[in-house]
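Q: output the structure for:
(4 chains)
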Number of protein chains: 4
Amino acid sequence: MEKKGYIGILTSGGDASGMNATIRAITRSAICNGYKVKGIYRGYEGLIHDEIRELTSEDVSNIIQRGGTILKTARSKDFETPEGRQKAYEVMQKEEITALFVIGGNGSLTGARVFAQEHDDVVCIGLPGTIDNDLCGTDRTIGYDTALNTIVDCVDKIRDTATSHERIFFVEVMGRDAGFLAQNSAIASGAEAAIIPEDQTDKDQLEEFISRGFRKTKNSSIVIVTESATGKGAAYYADRVKKEYPQYDVRVTILGHLQRGGSPSAGDRILASRLGCASIQALMEGQRNVMIGIRNDKVVYVPIAEAIKQHKPIDNSLIDVLNELSI
Amino acid sequence: MEKKGYIGILTSGGDASGMNATIRAITRSAICNGYKVKGIYRGYEGLIHDEIRELTSEDVSNIIQRGGTILKTARSKDFETPEGRQKAYEVMQKEEITALFVIGGNGSLTGARVFAQEHDDVVCIGLPGTIDNDLCGTDRTIGYDTALNTIVDCVDKIRDTATSHERIFFVEVMGRDAGFLAQNSAIASGAEAAIIPEDQTDKDQLEEFISRGFRKTKNSSIVIVTESATGKGAAYYADRVKKEYPQYDVRVTILGHLQRGGSPSAGDRILASRLGCASIQALMEGQRNVMIGIRNDKVVYVPIAEAIKQHKPIDNSLIDVLNELSI
Amino acid sequence: MEKKGYIGILTSGGDASGMNATIRAITRSAICNGYKVKGIYRGYEGLIHDEIRELTSEDVSNIIQRGGTILKTARSKDFETPEGRQKAYEVMQKEEITALFVIGGNGSLTGARVFAQEHDDVVCIGLPGTIDNDLCGTDRTIGYDTALNTIVDCVDKIRDTATSHERIFFVEVMGRDAGFLAQNSAIASGAEAAIIPEDQTDKDQLEEFISRGFRKTKNSSIVIVTESATGKGAAYYADRVKKEYPQYDVRVTILGHLQRGGSPSAGDRILASRLGCASIQALMEGQRNVMIGIRNDKVVYVPIAEAIKQHKPIDNSLIDVLNELSI
Amino acid sequence: MEKKGYIGILTSGGDASGMNATIRAITRSAICNGYKVKGIYRGYEGLIHDEIRELTSEDVSNIIQRGGTILKTARSKDFETPEGRQKAYEVMQKEEITALFVIGGNGSLTGARVFAQEHDDVVCIGLPGTIDNDLCGTDRTIGYDTALNTIVDCVDKIRDTATSHERIFFVEVMGRDAGFLAQNSAIASGAEAAIIPEDQTDKDQLEEFISRGFRKTKNSSIVIVTESATGKGAAYYADRVKKEYPQYDVRVTILGHLQRGGSPSAGDRILASRLGCASIQALMEGQRNVMIGIRNDKVVYVPIAEAIKQHKPIDNSLIDVLNELSI
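A: Modelled structure (predicted):
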């Protein structure tokens, strides 16, 4: 029951742990259902430049546990132009790729959507691969749980030294404009506060934290801060405390790219496996231009347009949880 | 706004990672809301024998990341008798404990239910703490995600040696009569099969696995087997393969109690924190004899009677995922 | 300055973490010094059956962190016969392998020695790859530090549950007839005792442990037991305690093959890298039939005959350390 | 056989993983040999301000596996003055502390030495606790192996993302003016180069690295850089590459304080246990003002003056190992 043409898989944008598990799942489920598979290297860039080769079941053997992506990833300027996308379209024709599976975050899926709008006969299936967890239509994204565990593991270590020295640490985590990682890692690591971009109230989050009695009864304090495009990251808050509360011994740690790597957590591997299998199911059911997501522990198909269109909200009840537990 | 009497907390049955995070969350949320808290040591046994002391916010400081339970746990024969429970009731009166928070699995919550049925004025609140994930009414139990990650980490190591030697490993995991750990760790570790108690079909699960082409194209095979009260654990299947397929090099590993311990995963810490806070909320709302669970990522109150009454079903779609991906 | 012929590398016997780091180091150091390299698959078995292919610098890229061995390993019955070794010799001629690098433990190096004795023109260089640390002439073997850390990590988890339940655990670790892993993991995990094969006194090690006041002041006890070919492993001691001290709640965990796998520790990677480079140095210096070892943090060349001839002694001062610290 | 007076223990300077294991070992070995023990909180600062309480064997129970220091640590300005030290001396008299055990690095031992020089009757015993490994007279310091493993674990994660994106990462690690952590973590993580303060040649280490063919055949490059008091840390080198080689995609990660924390490695726990026991032995033998070290796997007593006086040299052969293996 060999199907016509090839399925093409690419990973795009920032890498996330669990991308390899996703590639494995799509590839094996595809082969299991009679498709042939090609791997596209370096994201859309490799699609444009025809860096493509067939993937067998063995090629994806023993990669479920590995961080990064065997297909590599990139951000492609060319694919943002109509000429670039036209080139990509021609390569797909040449390589006989009839369905394009894109594993990535917001930007990558936006690219897929524009591409599909321009070319009627292009079938795109998206899979949510990003540590930021900021895609609508899915409760979790692949890579988020691993990044969360990595952050918590790092903050546990920092807590050891913070407690020994009675210091305040501002720890900066990734998330772009989404506070999921900061909010949840703060709860999980027993941090004293999280500073997140979703909090758009007039209140100054640092003052809030200070006035909540910060360091009154505590030996040390850890504040998790979401990275910031506007300069209000961990260093900004640390500087303010140094100036306004010179009696405190303040330190900054920016966790950086180690948040992306590492062996995926069990949760991410299972999510990747389920979504990977479901994506082939979706293809067989005639779905197109959908992202495969998970909602209430059930697989769902979400129009890509919907997945990327708005800001996924933070669960406000978690703010209360953090406040109650950091007394 | 100090509330009358004390909240009593105990952990009972098999320990699970995240129990300490739960104790911390209940204690701090309680104090935050004007209650006083007592810790009961060694489960129902300590309730009967009055091994109880007050818990402050500091007492639960820096325990969110620790495995085990600072309150210790035990299985109590005495609490299974009316006399034992009467004794426990009298201790509660004496200690001015007006609400009993029980962190544990099926057996522990069953005890709580019987206790509450006998004593009208006893308020019990249950929290699902078990690595087996076998409580109805909650999507996940506290300790399950950590145990799953521990198993997967172990199987990753076993895969290294299995692949190097081209062997078949039967790895036995916990779960009592529930296959959640086996099923999900098999998917997450890229194992070739899972043998689970829920599969009640006539088919022989080992034959099924063999006939699916086991070791045809693979360098090594790993089969995850749920522990069995009836003797059909990993050793049973390994013996059968040795007899029926003497050409294979077979090994057995029984992971045992290391599955219970270790620092809790981010997921378990967040779950514990949320359910702990919600349990105080439930008390304030006048709830009694409910288990605090999570369903579709929302906190729910489940009558304890319902939580313990039936077997929580395995998601059958996961069986297909495992079969497709182990080709 | 291309050297004549190829260097052949094989891994043999039980796999140990760090074997890949060793393969990488030998390969790259060889290439760096003008040699060409061939990888021999499945140990001596693959040498006899000519399962051999060239290794480039890229082939060993990104493997330093991986457990197991990319060359696979096996125990070869055929190589124990003169005919088998003759066959191996002929394959070496055919493949133009002029020096054989053997990574393995006692048995593997014994094989190398016999082989070199039979064939004057065969150059063998041994590298100590075994988790048991039982090779003379080297302070540490590749894989030992990783296995030790894995065991300690497991016992930390078991301690969580042991303390919560106030139990005695007998934990069985590898080591064949050497107590290094048991002795040192007992110290590192804060276990109460280690039962090791080197203790040949008349005293019963269990009685010793019991009489030292076992469980007098302690909440839980963990005893590390070396695996035993004669049936005196963890299960044996647990059974005795159950019979002789029925008041104790006893459990057994046999760690098994997970001790071999996993990403190598920093220490093992550095050791593997140093010995790998030194082995090429040794070849260039005209050394033959030596094992490359480390003594007092300096690389040494040890005649293979010496490395395998006797039992490496345990440091008795460590027994005192364990006894003092488990009070 | 109770000994006169108390042994006092303090941890000082930057915290290092394994300090708790050291406190445990000194305390238990002391008690085992008839001494009584007091813990001094917050280093020399707590000695001056009499923040001292007795330690029992139970107080140090279950801490061998914990990062940080239960005695907390600090840097004390007051102890640098004769008045401060006089105050400390008086507190020692008052608390009946007859021997002072100092766990720390260069600065802490320098303090101990000055103190002992001023007060004839003060007995100081030093234990090398620092992640930097920069104390003479001991092959390894407590905390170094753990920090090394933490760094390597982080760089493994960064390698995942570096490889996926084909980037150059400059990763900054601790070490003050010692390159042990950078040098050895570079070898262990398969990094392309290490920039260390010991390299005092005229050659520019970055140019060296570039000219060695950097990124010619490699998908990604990781350079480990020792932190620098003079501003030549990771950011400095990254900026230079950005300017001089704009074609490369460069990133910086500064690992920061997470290098200090975390559960100690097996190696550090064993080292801490051995040195802790040996320090009591030294006291009983009448030693004073010595640091307890390890040399060639044997315990040694090193005059504190000698331990702190000079720069411990890097093993130059490791530079060659790194160069050969990063081809």
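Q: next up, identify which helix or strand the one residue in the stretch 201-327 of chain A that gets nearest to chain D is on.
A: When scored by C-beta to the nearest C-beta, the stretch 201-327 of chain A has residue A:261 as its residue closest to chain D, at 3.3 Å. Placement of C-beta: from N, CA and C, glycine included. Using DSSP states H and E, residue A:261 maps to neither a helix nor a strand.
Q: what lines up beside the strand ranked longest in chain A in the sheet?
A: Counting by DSSP state E, the longest strand found in chain A is strand A:97-104. Within its sheet, and counting by DSSP bridges, strand A:97-104 is paired with strand A:6-11 (parallel), strand A:123-128 (parallel).
Q: ok, residues contacting that strand?
A: Under the contact criterion C-beta atoms under 8 Å, 6 or more residues apart in numbering or on different chains, strand A:97-104 has outside partners A:4-13, A:19, A:22-23, A:26, A:38, A:40, A:43, A:47, A:52, A:69, A:73, A:92, A:108-109, A:111-112, A:115, A:122-127, A:129-130, A:142, A:279, A:283.
Q: do that again at 6 Å, thanks
A: Identification of contacts with strand A:97-104 by C-beta atoms under 6 Å, 6 or more residues apart in numbering or on different chains yields A:5-13, A:19, A:22, A:26, A:108, A:112, A:123-127, A:129, A:283.
Q: give me the below-cutoff pLDDT ranges for the stretch 51-200 of chain A.
A: Under the criterion pLDDT under 70, the flagged ranges of the stretch 51-200 of chain A are A:200.
Q: how about the residues of chain A near chain B?
A: A:25, A:28-29, A:32, A:57, A:64-65, A:148-149, A:152, A:156, A:184, A:187-188, A:190, A:265-266, A:269-270, A:273-274, A:277, A:296, A:321, A:324-325, A:327 (C-beta under 6 Å from any C-beta of the partner chain).
Q: PyMOL command for the buried members of these?
A: In PyMOL, this line selects whichever of the residues of chain A next to chain B come out buried by 16 or more other C-beta atoms under 10 Å in any protein chain shown:
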select buried, chain A and resi 25+28+29+32+57+64+65+148+149+152+156+184+187+188+190+265+266+269+270+273+274+277+321+324+325
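Q: of the residues of chain A next to chain B, which ones also sit close to chain C?
A: Okay, of the residues of chain A next to chain B, nothing touches chain C (C-beta under 6 Å from any C-beta).
Q: show me what the closest residue to residue A:271 other than its chain neighbours is bridged to.
A: Spatial nearest neighbour of residue A:271, excluding adjacent residues (C-beta to C-beta, 6 or more residues apart in numbering or on different chains): residue A:142 at 5.6 Å. Per DSSP bridges, the residues bridged to residue A:142 are residue A:129.
Q: cool, and residue A:124?
A: Beta-bridge partners of residue A:124, as defined by DSSP bridges: residue A:100.
Q: so it sits against residue A:117, correct?
A: No - in this structure, residue A:124 is not within contact of residue A:117 by C-beta atoms under 6 Å, at 9.9 Å.
Q: which of those two has more neighbours?
A: residue A:124 (22 against 13; other C-beta atoms under 10 Å in any protein chain shown).
Q: which residues does the more buried one contact?
A: Neighbours of residue A:124 in contact, by C-beta under 6 Å, 6+ apart: A:100, A:112, A:116, A:289.
Q: try residue A:321
A: A:187, B:273, B:274, B:277.
Q: skipping its backbone neighbours, what lies nearest residue A:40 in space?
A: Using C-beta to C-beta, 6+ apart, the closest residue to residue A:40 is residue A:10 (4.0 Å).
Q: who's the one you found bridged to?
A: Here residue A:10, judged by DSSP bridges, has bridge partners residue A:102.
Q: so what's it up against?
A: A:40, A:43, A:102.
Q: which strands and helices sit next to the one helix or strand residue A:271 maps to?
A: Assigned by DSSP H and E, residue A:271 belongs to helix A:266-284. With contacts taken as 3 or more C-beta pairs under 6 Å, 6 or more residues apart in numbering or on different chains; DSSP states H and E, helix A:266-284 sits against helix A:19-32, strand A:123-128, helix A:144-165, strand A:290-295, helix B:144-165, helix B:180-189, helix B:317-325.
Q: and residue A:56, how many residues sit next to it?
A: What residue A:56 shows, counting by other C-beta under 10 Å, is a neighbour count of 12.
Q: show me what counts as buried in stretch A:237-253.
A: Neighbour-count burial for stretch A:237-253 [16+ other C-beta under 10 Å]: A:237, A:238, A:240, A:241, A:248, A:249, A:250, A:251, A:252, A:253.
Q: residue nearest the centroid of chain A?
A: residue A:130 (1.6 Å; C-alpha atoms, centre = their mean).
Q: ramachandran angles for it?
A: phi -160, psi 140 (degrees, to the nearest 10).
Q: tell me how far the nearest residue to it once chain neighbours are set aside lies from residue A:8.
A: In space, and not counting its chain neighbours, residue A:130 is closest to residue A:105: 3.3 Å by C-beta to C-beta, 6+ apart. As judged by C-beta to C-beta, to the nearest Å, residue A:105 and residue A:8 stand 19 Å apart.
Q: looking at the two, which is more packed in?
A: Neighbours were counted for residue A:105 and for residue A:8 using other C-beta under 10 Å; residue A:105 has more, 25 against 22.
Q: rewinding a little: okay if I get the buried residues of stretch A:237-253 as TSV plus distance to residue C:172 and secondary structure?
A: Output for the buried residues of stretch A:237-253, formatted as TSV (distance: C-beta to C-beta, whole Å; DSSP: H, G, I helix; E, B strand; the rest coil):
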residue	distance to residue C:172	secondary structure
A:237	51	helix
A:238	49	helix
A:240	56	helix
A:241	52	helix
A:248	50	coil
A:249	47	coil
A:250	48	strand
A:251	44	strand
A:252	46	strand
A:253	40	strand
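Q: from those residues, which are also near chain D?
A: Okay, of these touching chain D (C-beta under 6 Å from any C-beta), that's residue A:253.
Q: which of the buried residues of stretch A:237-253 sit farthest apart?
A: A:240 and A:253 (16.8 Å; C-beta to C-beta).
Q: hmm, back to that, and the angle for the helix holding residue A:271 with helix B:317-325?
A: Calculated by axes from the mean of the first three to the mean of the last three C-alpha atoms, to 10 degrees, helix A:266-284 forms an angle of 80 degrees with helix B:317-325.
Q: OK, contacts around residue A:256?
A: Per C-beta under 6 Å, 6+ apart, neighbours of residue A:256: residue D:253.
Q: now list the buried members of the contacts of strand A:97-104.
A: For the contacts of strand A:97-104, a burial check counting by 16+ other C-beta under 10 Å picks out A:5-13, A:19, A:22, A:26, A:108, A:112, A:123-127, A:129, A:283.
Q: rewinding a little: ok, and the most crowded of the contacts of residue A:124?
A: Top of the contacts of residue A:124 by neighbour count (other C-beta under 10 Å): residue A:112, with 26 neighbours.
Q: got the residues of the stretch 101-250 of chain A near chain D?
A: So the stretch 101-250 of chain A meets chain D at A:154, A:157, A:158, A:160, A:161, A:163, A:164 (C-beta under 6 Å from any C-beta).
Q: burial measure for the spatially closest residue to the second one that is not a sequence neighbour, as a count.
A: On the basis of C-beta to C-beta, 6+ apart, the spatially nearest residue to residue A:157 that is not a chain neighbour turns out to be residue D:261, at 3.3 Å. Residue D:261 is surrounded by 27 other residues when neighbours are defined as other C-beta under 10 Å.
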